[in-house]
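Visitor: Turn this into a model:
(chains A and B)
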Amino acid sequence: MRLLLAILVGKIIAKLTRFFHIGGGSAAPGLFALRIDPQLVEKLVKKIPTNIVITGTNGKTTTARMLAHLAKEAGIKVIRNHTGSNMERGIASALISHYTLYPIPLGEAASSAYTLGVWELDEAAFNSVAPKLKPDIIVFLNVSRDQLDRYGEVDKVVNQWSETLSKLNPKTTILINADEPDLAKLKDHFKGKVKGFGKKDLKNVKLNGLNGSVFDITIHYTLYTIHLPLPGMYHIYDTLAAITCAYHLDLPVHPEIFKDFSPAFGRVEKLDFGYIFLIKNPAGATQVFETIAPQIKPSDRLLLALNDNLADGTDVSWIWDADFEQLKIENLKLKIVCSGSRANDLAVRLKYAGFDPKAILIEPNLKKALQQARESLKGKLFILPTYTAMLQLQRILARSGHKKYYWEES
Amino acid sequence: MKLIIGYLYGDLMNIYGDTGNIIALKKRAEWRGIEVKLKVKSLKSKITKGECDIFFFGGGQDQQQSLVASDLESSGKGEIIKKEMEKGIPLLAICGGYQLLGDYYQPHKGPKLQGVGLFPAYTVAGDTRMIGNIIIESQFGKLVGFENHSGRTYLKKEGQPLGKVIKGFGNNGEDNTEGCVYKNAIGCYMHGSLLPKNPELADWLLEKALKINLKPLDDTLEIQAQQAAIKKFC
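Guide: Numbering: from 1, shown residues only, chains lettered A, B, ... in the order given. Presented below is the predicted three-dimensional model:
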């Protein structure tokens, strides 16, 4: 009864938040439902036959989305936590929204129709939530500095993961990025099967600018040639993780399988006037800089937005670890607009990365910043926001008719 | 003119944005036509007398910090650094580096980590982390940064604080002091990164290192960032 009440309350909150356009309903319904029934996640996830957990500092959402894509292409019904809401409340929200209260009997409702759960968990939530999900496979993508104020230091993150793994059912299979030295010790703390994925599985990598890449993946003598419409080496790693997982789930993969794949909103997003690339920590931001720098033309512009809300990390020191120097393009009077609640900090970072201070414009208000950046823009606008700035940007773009509200996206 | 920066244990002690201080020192010297050389002084390296004009020492993770603590003592580098400071060579130490240059660090469990004994201060592990934006009033004016530490540092009687806490926790969250100054060496808990947003402090360190008066730079962006932080968090 408690469970049912929790689900009902969650569903009502989801409806309200969407009706009033105050959010996508990805966190609040789960948050309140968990207060009513703290065991909600365990109870509902039990009905799903196979569950996958994906964690790491960068690439969780894209990898989860890729795996879900592969499963859907194989006709499998997938449930997952959407929109990067990667703590327990996000999972609870997803389970609630997919739970049909009809037909009676209520206990055996439609969530049992989902055969694959794909769950992304952030570095800290992994420890408390992964055991509740009793996952068949766990994917560890990478670990690097990310929001020191929230997660602590890299060593601490890996130590806590090790402890969680040591108590986990050994029937789980662990997939680890073998090119991440910090992750290597995880295998010593787990009694079950551990497999690595990495450079050793990759061949014939051809990067094709912002249009994507083509490469071969070999897993246990099976060769997959993949055409990926996403730019940058870091997306190849996400793909590798997703395909390794798909291999263990016996999902079919063909070269064009990602042809129509689009990443989650804001990660890498093509707009009619430019691109959005999410930046949120030093390693992730540097990968974005490496990827876009060779593609930026003299007529293009940059809009960077740095917020310091909880979900961004309240400590903006991280921008000094991100390699903004990579963005420096010689002989180019590139106009750059700095925005967000810490726009001024960004401007200083860019000055010290070698940009001409005269080319830097500061406008903390994102809507105004976007207007200024687009005014008489001849080339493309590259927008690089932190997480909450990206959410704001989605709302601004939706209101101005450039795209749908993000919670209306699949 | 040439500036040699010694980055103490730069491969191990470089937590969250500490490298931003190196970037600030380097750029502010280069913008004045001074050539800069960066030397990372780590576990296997030696430091000779007069080799570096200025030192920077950042924060680290627990494991690295105990490794560095024992190396400072066993390699004799701690003693050399201390002698250089006595001569007036400037240094900036943040968080872990600041703690290691005090008398000792007492963790929750296990033996004390012996410090270099440069700053008249000692640090005791605390139960809660002190995290957040910090603003202090100092001889360089208001300084802004971000602190994230569980160690509580207490100054001894002769210890001079870097400043008075206006917003945040500071050394220990109790006595309103932040950091410590000894001759031209400064230790504190302020990440942020500290020097880019506090150019007066950066230039003071450079002037002590080069023993000259520097010509001022256009610091409009830096001061704007500093003032924006003060306005936002005070």
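Visitor: For residue A:382, give me phi and psi.
Guide: For residue A:382, the backbone dihedrals are phi -100, psi 120 (criterion: degrees, to the nearest 10).
Visitor: Residue A:244 now?
Guide: Summarising the backbone geometry of residue A:244 under the convention degrees, to the nearest 10, its torsions are phi -60, psi -40.
Visitor: need the residues of chain B near chain A, please.
Guide: Contact residues (CB under 8 Å from any CB of the partner chain) of chain B with chain A: B:15-20, B:23-24, B:27, B:61-63, B:131-133, B:146, B:148, B:191-193, B:196-197, B:218, B:220-222, B:224-225, B:228-229, B:232. Glycine gets a C-beta too; all of them are placed from N, C-alpha and C.
Visitor: From those residues, which land in strands?
Guide: Among the residues of chain B next to chain A, the subset assigned to strands under DSSP state E consists of B:131, B:132, B:133, B:146, B:148.
Visitor: The fourth one: what's it in contact with?
Guide: If I follow you right, that is residue B:146. Remark: with contacts taken as CB atoms under 8 Å, 6 or more residues apart in numbering or on different chains, residue B:146 is in contact with A:314, A:315, A:316, A:317, B:132, B:133, B:134, B:190, B:191, B:192.
Visitor: So in terms of bridging, what pairs with it?
Guide: Beta-bridge partners of residue B:146, counted by DSSP bridges, are residue B:133, residue B:191.
Visitor: isn't there a strand covering residue A:17?
Guide: No. Following the definition DSSP: H, G, I helix; E, B strand; the rest coil, residue A:17 is helix and is not counted among the residues of a strand.
Visitor: ok, how many other residues are close to it?
Guide: Taking other CB atoms under 10 Å in any protein chain shown as the neighbour definition, residue A:17 ends up with a count of 18.
Visitor: Make sure it is actually in contact with residue A:28.
Guide: Yes. A contact is recorded between residue A:17 and residue A:28 when judged using CB atoms under 8 Å, the distance being 5.7 Å.
Visitor: ranges for the helices of the stretch 201-350 of chain A?
Guide: Taking DSSP state H, counting those that start in this stretch to define them, one finds helices in the stretch 201-350 of chain A at A:233-248, A:282-292, A:343-352.
Visitor: Tell me which of the ones you listed lies nearest to chain B.
Guide: The closest of the helices of the stretch 201-350 of chain A to chain B is helix A:343-352. By CB to the nearest CB, the value is 3.8 Å.
Visitor: which of the contacts of residue B:146 count as buried?
Guide: By neighbour count, with 16 or more other CB atoms under 10 Å in any protein chain shown, the contacts of residue B:146 hold A:314, A:315, A:316, A:317, B:133, B:134, B:190, B:191, B:192 as buried.
Visitor: For my notes, please list those in CSV and give distance to residue A:279 for each entry.
Guide: Compiled in CSV, the buried ones among the contacts of residue B:146 are given as follows (distance: CB to CB, whole Å):
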residue, distance to residue A:279
A:314, 16
A:315, 15
A:316, 12
A:317, 15
B:133, 21
B:134, 25
B:190, 24
B:191, 19
B:192, 19
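Visitor: Next up, the contacts around the spatially closest residue to residue B:14 that is not a sequence neighbour.
Guide: Nearest-residue entry for residue B:14: residue B:58, 5.0 Å, with adjacent residues in sequence omitted and distances by CB to CB, 6 or more residues apart in numbering or on different chains. For residue B:58, the contacting residues are B:8-10, B:13-15, B:18-19, B:21, B:93-97, by CB under 8 Å, 6+ apart.
Visitor: Repeat that for residue B:2.
Guide: By CB under 8 Å, 6+ apart, the neighbours of residue B:2 are B:34, B:35, B:36, B:37.
Visitor: wait, what's in contact with the first one?
Guide: Read it as residue B:34. With CB under 8 Å, 6+ apart, residue B:34 has these contacts: B:1, B:2, B:3, B:210.
Visitor: Got a ChimeraX select line for the buried ones in those residues?
Guide: The command below creates a ChimeraX selection of those among the contacts of residue B:34 that count as buried (16+ other CB under 10 Å):
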select /B:3,210
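Visitor: Which parts of chain B are strands?
Guide: Under DSSP E, chain B gives strands at B:2-8, B:35-41, B:54-57, B:91-94, B:104-106, B:113-114, B:121-138, B:141-155, B:163-167, B:177-178, B:180-182, B:185-188.
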